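Trainee: return atomic coordinates for the entry below.
(2 chains)
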Amino acid sequence: MSQATMTASAPQKISLSRVLGPGHVWALGVGIVLVGEYTGWNFSADKGGSLAALLVCWIIGLLYTSVAMIDSEVTSTIAAAGGQYAQAKHIVGPLMAFNVALYMVFAYTMLEVSDAILVGDTIVAKANTDGLTHNAFLAVTIVSLAWLNYRGVLATLNFNFIITALAYVAIIILFLSVSPWSQGAVLKLGEMVTPANSLPYGWIGVIASFHFGIWYFLGIEGTTQAAEEVRSPARALPYGTMAGMITLLIAGAMTWYVCASLMPWEYLGVTAYPLWDAGRLTGSALLENMMFFATLLAAIASANGCVNDSARAWFSLGRDRYLPTWFSAVHPKYRTPYRSILFLLPIALAFAFIADLNQAITFSILSGVLQYTFMSVNIIMFRNKWPLGSIQRGYTHPFHPIPAIVLFILCVTTFFAIFLGYGAQLTAMVVFYLAVSVWFHFYRYQYVRRGDQFTMPWPKPKGY
Amino acid sequence: MWINFSYLCWAVSAALVAWMLYDWYKTDTTYSEETLTSSREGEIEATAERHKV
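Mentor: Okay, the predicted model is just below:
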């Protein structure tokens, strides 16, 4: 009787909804990233020429393959919203976790801002109407995606799956339409990329092009934010992430081949719409219009995934009291972190109205690379503290520690490349993270329930 | 046409923001704070793995 009374009076538990499968994980990861093929990667040609843009596609592909493998192993073991934040909390410690969550919120929010600016600018460029500004299109993109995310994760990622697949198919159609097997008909790679202009700034140009080469794959690690909402984390996360990475490597190679064969590096490196321009340069109005719509779809898919991921990272911080618990509310009907979504909405809008596209992209890249650097250290600590066999892993990545070492070296190289072009922003960002770390350590951490934050039923780490 | 389309975008944005603010207010006044913030990391994993298909 007393037990029944206690059950009746206990507060109802509300949690995120576990409704997603591997396809949704793919849609989240590829959806965030694919916009990088439509714009962003090509700025690497401005830094080092067309050949440098191809070399960084492969080298940065190696960086992100390491990220995907490492992430798949750790996240299939620590399946919690917040992704790398939850990983850092359990493996490194609270201060690292707080920083990693902020890296994610910044990376995804600034990427969302960049995507919205791209949507607005693309529509304005197409309209070519006096007096038309991009502000209304920025607003409707950010607000409608926040609304979609507010209403539920299943509809959000079903929508992302459809528009991401359409944007991806557009790249394949463009590639097949220009007779890629027959140079000279439409494509003129031999004329566009010659021994004299392939690396106009030499090998230092290749290093400098790492900065925007990141955009080929930036955001694939966002798949881990779905960890608490997939039906089977151990299967869906590695499968969706690795399939996404393979998809993107193919898309990156096709994109470079078509664009570098149609445009000289001096133009390719500065245009905001390399694939749309490629469609226009084929002379086909159909392909031009298709690539215009595909650019919009890719940007919307990316912004949609970013709203999803930034809100979950913010939500996780609230749930562990790293931020006020107010942010950890879950909507009782839609099962989404609705307060986090609403809180980040005006921030994204403010940045979208005042930020410059290049600045927003750079802040996103910087936060992303800080996060990847952490991941290379994190996996070494994970394997040392909990060696293979000590806990159950959904996926075990091969060749350890080679991917971690490769990742670390490439991250350091990318920091150097960013420093060459955006040294002031890099320094400002590092100072910002140091300042918030001091605030967290000396002030905020007193509110954290220290025992409650570690939730994985693991044995004590080796050596403790 | 594009200028009118931009006005439509503003109107849609305003309507969606109004809807979200209304739903936020309704939700927060209907449910207790304890219920809304009852999600815990790890609990979802533990309960979901118990279900049988």
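Trainee: residues from the stretch 1-150 of chain A in reach of chain B?
Mentor: The interface of the stretch 1-150 of chain A toward chain B, taken as CB under 8 Å from any CB of the partner chain, is made up of A:11-16, A:18, A:79-82, A:86, A:123, A:127, A:129, A:131-133, A:135-137, A:139-140, A:143-144, A:146-147, A:150. The way it works is simple: take the backbone N, C-alpha and C, and place the C-beta from them, glycine included.
Trainee: buried stuff in the one helix or strand residue A:360 maps to?
Mentor: Using DSSP states H and E, residue A:360 sits in helix A:357-385. Across helix A:357-385, burial judged by 16 or more other CB atoms under 10 Å in any protein chain shown covers A:357, A:359-383, A:385.
Trainee: so which of these are also by chain B?
Mentor: Answer for those near chain B: none qualify (CB under 8 Å from any CB).
Trainee: before we move on, back to that, what mean pLDDT does the helix holding residue A:360 get?
Mentor: Throughout helix A:357-385, pLDDT has a mean value of 89.
Trainee: check which helices and strands that helix is in contact with.
Mentor: helix A:50-75, helix A:84-91, helix A:94-127, helix A:210-213, helix A:402-442 (3 or more CB pairs under 8 Å, 6 or more residues apart in numbering or on different chains; DSSP states H and E).
Trainee: tabulate those helices (a markdown table), appending mean neighbour count.
Mentor: Converted to a markdown table, the helices and strands packed on helix A:357-385 look like this (neighbours: other CB atoms under 10 Å in any protein chain shown):
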| stretch | mean neighbour count |
| --- | --- |
| helix A:50-75 | 24 |
| helix A:84-91 | 28 |
| helix A:94-127 | 25 |
| helix A:210-213 | 30 |
| helix A:402-442 | 16 |
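Trainee: quick one: closest of those helices to residue A:347.
Mentor: Checking those against residue A:347 by CB to CB gives helix A:94-127 as the closest, at 6.4 Å.
Trainee: report the distance from the helix or strand following the closest one to the chain centre.
Mentor: Using DSSP H and E, the helix or strand that follows helix A:94-127 towards the C-terminus is helix A:135-151. Counting by CA atoms, centre = their mean, to the nearest Å, helix A:135-151 is centred 19 Å from the centre of its parent chain.
Trainee: what is the next helix or strand after helix A:135-151 packed up against?
Mentor: Later in the chain than helix A:135-151, the nearest helix or strand by DSSP H and E is helix A:153-177. In terms of contacts (3+ CB pairs under 8 Å, 6+ apart), helix A:153-177 is packed against helix A:22-33, helix A:135-151, helix A:233-262, helix A:274-281, helix A:285-319.
Trainee: out of these, which one sits most buried?
Mentor: Compared across the helices and strands packed on helix A:153-177, helix A:22-33 shows the largest average neighbour count, a mean of 29 (mean count of other CB atoms under 10 Å in any protein chain shown).
Trainee: would you tell me which residues of the stretch 251-400 of chain A are close to chain B?
Mentor: So the stretch 251-400 of chain A meets chain B at A:316, A:318-320, A:325-326, A:328-333, A:338-339, A:342, A:345 (CB under 8 Å from any CB).
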